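Colleague: Here is a sequence with its predicted model. Questions after.
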Number of protein chains: 2
Amino acid sequence: MTPKRAFNEQPKSDKKVLSIATAAAKLFSSKGYVETSGEEIAASAKMSKSAMYYYFSNKSDILYFAVSTFIDTVLNNVREDLEGIEDPAERLKLIIFRHIRTYAEHVYLAKTLLNEVHNLPSANRKKIQAKEKQYFSVISETISSYSESQIDKDRLTALTFNLLGMCNWIYSWYNPKGAMSGEDLAQMIFDIFTGSFWKINQAKD
Amino acid sequence: MTPKRAFNEQPKSDKKVLSIATAAAKLFSSKGYVETSGEEIAASAKMSKSAMYYYFSNKSDILYFAVSTFIDTVLNNVREDLEGIEDPAERLKLIIFRHIRTYAEHVYLAKTLLNEVHNLPSANRKKIQAKEKQYFSVISETISSYSESQIDKDRLTALTFNLLGMCNWIYSWYNPKGAMSGEDLAQMIFDIFTGSFWKINQAKD
């Protein structure tokens, strides 16, 4: 028997840990968390089940590690990055480009975050939701500072979710290897959201 | 033993059938299809499991009936409704208002359509996907006719998915009983998409 290590004691940079999480996210995002077995994750990560369970106590810990690593990547330095930019439109642009880049680069992790968090036990789910709220606030504040006038709270919430809708929905259709680059897509979302899309696109002809 | 009737022979208007599908969609959209049992659906529809299985052969048939009924509602007469409208902006408005109204009225069915279709066996999944494609084409054509100039095919696809992103994402956050009416939300999405949101909202102050 290999000794079990608590999740918090994992060296997060450990390549094995990351390769397990990546393999798991790919399976979770195609078959769903519930229908993915520990055996399948281990096989996909090219290790034995007992080797895998040296790093994680159970499947739920793998899910938690995968989504918390991803949301940490999404949040990583976002406030610091924004602080350096004075123009509110440029701040909004940074948010959108950053989101599309991160979600398109880690499409399985993004799908897992968007669809599988409800499978986590309450304490871990709340930790993820708190980080999602932080991210929501960053976007909301950026939109608010972009607006020339005060936006009513409920409308700001709806506006933020509409922007997130365009940005998150890419998980259901966007192929980063397809005809449209991530930058083109991010620019399109920025143009739609800021109201310049039709002006720019009709002017081209 | 009650005789099993094939799915296609169900009288679709049957109240019992609809109440089973509605109860099932509520469970599917909160717990997920895989984790919902036949017992739970029957209990929620207030009937015995054997009475329920008089109407449906199995859980998969209930899922198929629920999502196909919903996508039929979404598609119902949409082309005919659009044909009566000359102004491309009004056609786009109709599409958006119709989508928000239908998805907000049937939030459990909408969530089930967006998240659980992959659980259907291939033949039924393909039937649903074909109807989703029809709906996508209607939206795409409406956007195309709204544009004053020809839009490149890949950009039109991205544009259509961005509009659908705002409209579909409401399943994750919008509360029809909350502060914002469905009409206000639909108007906001229309204004964002057509580029008039900031003009209108800044002008108000």
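Modeller: In hand now; what should we look at? Residues are numbered from 1 along each chain as shown, chains lettered A, B, ... in the order given.
Colleague: what does stretch A:127-144 contact?
Modeller: Stretch A:127-144 is contacted from outside by A:64, A:67-68, A:71-72, A:74-75, A:78-79, A:82, A:88, A:91-92, A:95, A:113, A:117, A:120, A:151, A:156-157, A:159-160, A:163-164, using Cβ atoms under 8 Å, 6 or more residues apart in numbering or on different chains. Every residue, glycine included, has its C-beta placed from N, CA and C.
Colleague: same check, this time on stretch A:61-75
Modeller: Residues from elsewhere that reach stretch A:61-75 (Cβ under 8 Å, 6+ apart): A:7, A:10, A:12, A:17-18, A:20-22, A:24-25, A:28, A:33, A:41, A:56, A:99, A:102, A:106, A:109-110, A:112-113, A:116-117, A:119-120, A:124, A:127-128, A:131-132, A:134-135, A:138.
Colleague: Work out the gap between it and the centre of the chain.
Modeller: Relative to its parent chain, stretch A:61-75 has a centroid offset of 9 Å by Cα atoms, centre = their mean, to the nearest Å.
Colleague: mind listing what the residue nearest to A:Gly32 when sequence neighbours are not counted touches?
Modeller: Of all residues not flanking A:Gly32 in the chain, B:Val34 sits nearest, at 6.4 Å (Cβ to Cβ, 6 or more residues apart in numbering or on different chains). Shown in contact with B:Val34 (Cβ under 8 Å, 6+ apart): A:32, A:34-35, B:119.
Colleague: picking that back up, just the buried subset of the contacts of stretch A:127-144, please.
Modeller: In the contacts of stretch A:127-144, burial by neighbour count holds for A:64, A:67-68, A:71, A:74, A:78, A:82, A:91-92, A:95, A:113, A:117, A:120, A:151, A:156-157, A:159-160, A:163-164, counting by 16 or more other Cβ atoms under 10 Å in any protein chain shown.
Colleague: Tell me where chain A has helices.
Modeller: Taking DSSP state H as the test, the helices found in chain A are A:15-31, A:38-44, A:49-55, A:59-75, A:78-83, A:88-105, A:107-116, A:122-146, A:153-169, A:182-194, A:197-203.
Colleague: can you redo those helices as a markdown table with mean pLDDT?
Modeller: Formatted as a markdown table, the helices of chain A follow (pLDDT from 0 to 100):
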| stretch | mean pLDDT |
| --- | --- |
| helix A:15-31 | 93 |
| helix A:38-44 | 97 |
| helix A:49-55 | 93 |
| helix A:59-75 | 96 |
| helix A:78-83 | 93 |
| helix A:88-105 | 97 |
| helix A:107-116 | 94 |
| helix A:122-146 | 97 |
| helix A:153-169 | 97 |
| helix A:182-194 | 98 |
| helix A:197-203 | 81 |
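Colleague: Quick one: closest of those to B:Tyr174.
Modeller: Across the helices of chain A, B:Tyr174 has its closest neighbour in helix A:153-169 (7.4 Å, Cβ to Cβ).
Colleague: tilt between the closest one and helix B:182-194?
Modeller: Per axes from the mean of the first three to the mean of the last three Cα atoms, to 10 degrees, the angle that helix A:153-169 makes with helix B:182-194 is 60 degrees.
Colleague: can I get the CA coordinates of helix A:153-169 in CSV?
Modeller: The C-alpha coordinates for helix A:153-169 follow below in CSV (Å, rounded to 0.1, in the frame of the first residue of the first chain):
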residue,chain,number,x,y,z
LYS,A,153,-26.9,47.2,-10.4
ASP,A,154,-29.2,44.6,-11.9
ARG,A,155,-28.4,45.8,-15.4
LEU,A,156,-24.7,45.7,-14.7
THR,A,157,-25.1,42.1,-13.6
ALA,A,158,-27.1,41.2,-16.8
LEU,A,159,-24.5,43.0,-18.9
THR,A,160,-21.6,41.1,-17.2
PHE,A,161,-23.4,37.8,-17.8
ASN,A,162,-24.1,38.7,-21.4
LEU,A,163,-20.4,39.3,-22.0
LEU,A,164,-19.5,36.1,-20.1
GLY,A,165,-22.1,34.4,-22.2
MET,A,166,-20.3,35.2,-25.5
CYS,A,167,-16.9,34.4,-23.9
ASN,A,168,-17.9,31.1,-22.1
TRP,A,169,-20.1,29.8,-24.9
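Colleague: roughly how far out does that helix sit from the chain middle?
Modeller: 15 Å.
Colleague: Same check on stretch A:145-157?
Modeller: Using Cα atoms, centre = their mean, the mean C-alpha position of stretch A:145-157 is found 24 Å from that of the whole chain.
Colleague: With that, I have no additional questions.
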